[in-house]
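Colleague: Below are the sequence and a predicted model; questions follow.
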Amino acid sequence: MRTPSTRTTKVLTIAATPVAVLAAATMIWQSSNAAFTGQTRNSGNDWATGSVNITDDDAGSARFQVANMAPGDSDTKCIKVTANASTNGLVKGYVVNPVKSSTGLEDHIVITMKSGTGGTFATCDGFVAESTVVPAATLTQLAAYNSWESGVGGWPVTAGTQSRTYQVTWSFDTTGMTQAEVDKLQGSHTGIDLQWELQTS
């Protein structure tokens, strides 16, 4: 094995010296340029949706099931609506599923609805009216209120659980009709569903 000559050794030594000096200078520069640092963090950011729920106390039963109705008949019953929400909202009432008769019976069933406190599906005992939601409207007229946007009886809900009782009165009104016109309503059938909806605000 050949041993590097004295000349070669000197050349390599001279070439390596600037590299070593440059590396040392870089280390010194990095050391002299170290800085104070500090950080702060806002941790745990998270987004979750709220929820709304609305129920009534009908236990799956229709509020009115009237058979063998005669002109002038009338009845009053109540239903309690409860909103449970984690955010603010607005409850409105409207109707769905109107049933048209061939005789126009829906033009002679008149509904009056009041909103208040007290009373339940079982009994209106203790009901105290606060406002009239529907002064007096036939089922045909009520059918125009068929969505939350067109609904009536706006009831603001704050986060939590609140209830409102509705007192509903119906009457079979044949005022101003001739006997022949009244007789044509025999054997007729009509209907409509009452619905309440809670939307966030």
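Modeller: Ah, there it is.
Colleague: C-alpha only now, for contacts and for neighbours.
Modeller: Noted.
Colleague: quick one, strands of this structure?
Modeller: Using DSSP state E, the strands of the chain run over 52-56, 74-85, 89-99, 109-117, 128-138, 152-157, 160-172, 191-200.
Colleague: Let me know which of those strands is the nearest to Ala62.
Modeller: strand 191-200 (8.6 Å; Cα to Cα).
Colleague: residue contacts, Asn84?
Modeller: Shown in contact with Asn84 (Cα atoms under 8 Å, 6 or more residues apart in numbering): Val52, Asn53, Ile54, Ala159, Gly160, Thr161, Gln162.
Colleague: Check Thr138 too.
Modeller: Contacts of Thr138 (Cα under 8 Å, 6+ apart): Glu106, Asp107, His108, Ile109, Val110, Ile111.
Colleague: Would you mind naming the residues that bridge with the last one?
Modeller: Read that as Ile111. Assessed by DSSP bridges, Ile111 has beta-bridge partners Ala137, Trp170.
Colleague: domain assignment for this protein?
Modeller: 1-31, 52-200 (automatic domain parsing).
Colleague: Return the most buried member of these.
Modeller: Compared across the domains of the chain, domain 52-200 shows the largest average neighbour count, a mean of 16 (mean count of other Cα atoms under 10 Å).
Colleague: Let me see the contact set for Ser188.
Modeller: Ser101, Ser102, Thr103, Leu105.
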